[in-house]
Each structure stands twice: as structure tokens, then as C-alpha cells.
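Asks: let's see this in three dimensions:
(chains A, B, C and D, ligands or ions: 2)
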There are 2 protein chains.
Amino acid sequence: MFSKATEYALRATIYIAQKSSVDKKLSLTEIAQAIDSPPSFTAKILQLLTKDNSVIHSVRGPNGGFYITEKNKQLPLKKILEVVNENDLFEKCILGLKKCSETNPCPLHFQYKPIKQELIYLFQTNTILELSEKADSESLFINNK
Amino acid sequence: MFSKATEYALRATIYIAQKSSVDKKLSLTEIAQAIDSPPSFTAKILQLLTKDNSVIHSVRGPNGGFYITEKNKQLPLKKILEVVNENDLFEKCILGLKKCSETNPCPLHFQYKPIKQELIYLFQTNTILELSEKADSESLFINNK
DNA sequence: CTAATTAAAGGTATTTTTGTCCTTAATTAA
DNA sequence: TTAATTAAGGACAAAAATACCTTTAATTAG
Ligand code: FES
Ligand code: FES
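Replies: Ligands and ions are numbered 1, 2, ... in the order given. Below you'll find the model as predicted:
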């Protein structure tokens, strides 16, 4: 479904939202261990999410690390997909036609359309905060080993 | 969503179902042109679909090519996904956890679950025949240039 | 039988994705 | 100010996906 990069971006952001605050920043090492991802690759993805503080914030030096503001927790998951350039995934034709359109639909188009829209809705309406709260109660990363 | 290999497999099979019969076999060249795919790579995928005649049939030599039997047109799309090893795509956790389970669900699990099941249903219930008929009436491959 | 045609099979090449490593910059504490 | 810590940034490496090419096998027509 998603690329590894996107999966790590989603998992990392949810974890950061769950555990961090301005006075409790999380190190790359902790995050990568928690979400079971390769540290160096994860660093790259966190850099993307940190760019312009668009999703998460970072501070260098001792006691530095990554955190997310309350404001940014209100962002929809879609925002994360945008950052890793996978935002248009659900706009694409499921058979890989160059464009998904009503005027020249592929034979799956009209059956896929409502599903596609549920997926878009899912990522548009769920905020990072909501997901991180669910992660609390449902023990998110336990079964990833 | 799907890999290129899977997209080509789906498009090729639908095209073959639409245009071929035992006495009208289609050459690799024609198929690749029709579905706008790289010929050599498409050849590999057609080989997979031909293995054990599981989806399509092939004949070598002059007037040879690919075709599909009426019987195999009754196969669900899921069969094509199996052949290209993408059948488990919809079983996977959307956040990339090693297993998608009810007992240790990720925070998107319960919202994703119904969508996942619609996707599974889509590929289980639609047959190759049904799709190829839709492709007729809806001009499948016109907009792929 | 021979030549032509077409898919099968295997190896190779390119591109993209994923992952690592090393140096630099920022920050902090001593 | 110096040393330690942590992320940023860039170059590099490995793996996987995508794409190509050449040879072989099967089939057919002449
Ligand atoms: S054209 Fe294929 S999904 Fe819309
Ligand atoms: S556990 Fe993530 S979708 Fe089921």
C-alpha cells in the first residue's frame, strides 16, 4: 500500500505525538527503536517532517530531539502524506491509467470510486492527535517485532 | 497502490479477455502496445500468467500468441493478484505493522478494516469476463497516452 | 526439411527505493 | 572556552523493481 518511507513517517509522527512535548523531546534513537525502523533512514524522513516545522519540530544539541506542538497535532494525517509525496496515491487509477477520470474510466473505476473516497476521507478527517490517542489505548507498536 | 507488474498483469489480462479467442491469439507486441507497457517486461508478466495455464494460455510459432479460455474468464481478479504475488496486499496493516490483528490493532485498524474488506470483495467478486465487458463499453485504454 | 515466426528462459542493465555513514552545525553543560 | 550531545546534510551502498536483450524452443508454412 504505502512505501516504507510513508509507513515510517506515519508511525514516527504518531509516536512523537504520543510521547513528546516541548520539555520532553525524543531522540532519533528512541523513535527508531520504538517504531522498529532503520535509524538512519528514519532520520531522513524526520528531516522531511521537520522542514519548515510543517509537522514536527526539532532541536539540536544535548537534550535536543524531536517533538510536536499541540497546534500541529490538529493536522490531518493527509499532511504527513503530503510531506512524503504520497498524497496523490488515492487520486490515481487503480489500474495505472495515466489519469483517473469519469469520462474515460477504467473498468474498475466506478466500483473503486467509493472506496477511494473513503480512503481520502480517512486521511483527511483523522488528526495526528486523534491517532496518537488511539495508539495509547490500543498499544500501537507492541506487535511489530 | 499496486506495483507496475500488477498493473500490467491486470490490464493485459483484461485486454486479452476482450480481444482474444482460441482462433484469435494476440502477440506480445500487440498487447504491450494496447495497454501501453514495456514489451520485454510485459513478456515476463505474461509468462507468469501463463504458468500452468493458470490464467492465460499461450502458443508459440507463427500465428501463435496469447489467449484466454471462456473457463478462465470466470476467474476472479484476485487470481491475477495471486499470480503476481500481490494477493496479500489487502491483508496487510496500513501502517506497516508486521501483522494486522484485532488483538493488537494499529490506531487506524478499525477504521481501515471496512475499507480493506471492500477492496477484498472487489477483487473477489469481479471476474475477468465482467471486467473485459466493462472495458468494451467504457473504452478502457484510450486515455493512457 | 527448411525458413520464418513467436513465446520461453535466462542473463544483464537501469532506475528507484531503502538504508548507511561521515562530516557539519547547533546547542548545552562544565 | 571546551567537550559532549544531538540533528542536518551530503555522499555513498545495497536491494528491489523495472526494463532490456540474446539465445533457445516450439510451431507452422512452404
Ligand atoms: S480510471 Fe481507473 S480508477 Fe478511475
Ligand atoms: S493493525 Fe494496522 S490495519 Fe490492522
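Asks: what lies in contact with stretch A:91-99?
Replies: Residues outside stretch A:91-99 that contact it (C-beta atoms under 8 Å, 6 or more residues apart in numbering or on different chains): A:100, A:104, A:106-109, A:112, A:116, B:1-2, B:4, B:7-8, B:10-11, B:14, B:141, B:143-145. Placement of C-beta: from N, CA and C, glycine included.
Asks: filter those to the buried ones?
Replies: Buried members of the contacts of stretch A:91-99, counted by 16 or more other C-beta atoms under 10 Å in any protein chain shown: A:100, A:104, A:106-109, A:112, A:116, B:1-2, B:7-8, B:10-11, B:14, B:141, B:143-144.
Asks: related to what we said a few turns ago, the contacts of stretch A:91-99 also near DNA strand C: which ones?
Replies: Filtering those for neighbours of DNA strand C using C-beta under 7 Å from any atom of the strand leaves an empty set.
Asks: the buried ones among the contacts of stretch A:91-99 in strands, which ones?
Replies: Assignment to strands by DSSP state E places none of those there.
Asks: would you map the strands across chain A?
Replies: A:57-59, A:65-67.
Asks: now render those strands as CSV, adding distance to DNA strand C, mean pLDDT and mean neighbour count.
Replies: Listed next are the strands of chain A as CSV, based on distance: least, C-beta to the nearest atom of the strand, whole Å; pLDDT from 0 to 100; neighbours: other C-beta atoms under 10 Å in any protein chain shown:
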stretch, distance to DNA strand C, mean pLDDT, mean neighbour count
strand A:57-59, 6, 97, 16
strand A:65-67, 11, 98, 21
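Asks: and the helices in chain A, which stretches?
Replies: A:4-19, A:28-35, A:39-50, A:77-83, A:109-125, A:128-137 (DSSP state H).
Asks: for these, which one sits closest to ligand 1?
Replies: Closest of the helices of chain A to ligand 1 is helix A:109-125, at 3.5 Å (criterion: C-beta to the nearest ligand atom).
Asks: local confidence estimate at residue A:126?
Replies: On pLDDT, residue A:126 comes in at 97.
Asks: now residue A:135
Replies: With respect to pLDDT, residue A:135 has a value of 82.
Asks: quick one on the thing from earlier: include distance to residue B:24 when you put the helices of chain A into CSV, please.
Replies: CSV is the format used below for the helices of chain A (distance: least, C-beta to C-beta, whole Å):
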stretch, distance to residue B:24
helix A:4-19, 43
helix A:28-35, 53
helix A:39-50, 50
helix A:77-83, 44
helix A:109-125, 27
helix A:128-137, 53
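Asks: for chain A, which residues are neighbours of DNA strand C?
Replies: With C-beta under 7 Å from any atom of the strand as the criterion, chain A meets DNA strand C at residues A:3-5, A:8, A:37-41, A:43-44, A:59-64.
Asks: among those, name the buried ones.
Replies: A:5, A:8, A:37.
Asks: identify the residues contacting the closest residue to residue A:17 other than its chain neighbours.
Replies: Using C-beta to C-beta, 6 or more residues apart in numbering or on different chains and skipping the chain neighbours, the partner closest in space to residue A:17 is residue A:132 (3.6 Å). Residues near residue A:132 by C-beta under 8 Å, 6+ apart: A:14-15, A:17-18, A:73, B:107.
Asks: repeat for residue A:123
Replies: Going by C-beta under 8 Å, 6+ apart, the list of residues near residue A:123 reads A:76-78, A:81, A:90.
Asks: same thing with residue A:22?
Replies: Here residue A:22 is in contact with A:67, A:69 (C-beta under 8 Å, 6+ apart).
Asks: so what sits opposite the closest residue to residue A:21 other than its chain neighbours in the bridge?
Replies: Among residues not flanking residue A:21 along the chain, residue A:67 sits closest, at 6.1 Å (C-beta to C-beta, 6+ apart). Beta bridges link residue A:67 to residue A:57, judged by DSSP bridges.
Asks: for the lowest-mean-pLDDT helix or strand in chain A, the distance to its chain's centre please.
Replies: Of the helices and strands making up chain A, the lowest-confidence element is helix A:128-137, at a mean of 85, by mean pLDDT, DSSP states H and E. Helix A:128-137 sits 13 Å away from the centroid of its parent chain (C-alpha atoms, centre = their mean, to the nearest Å).
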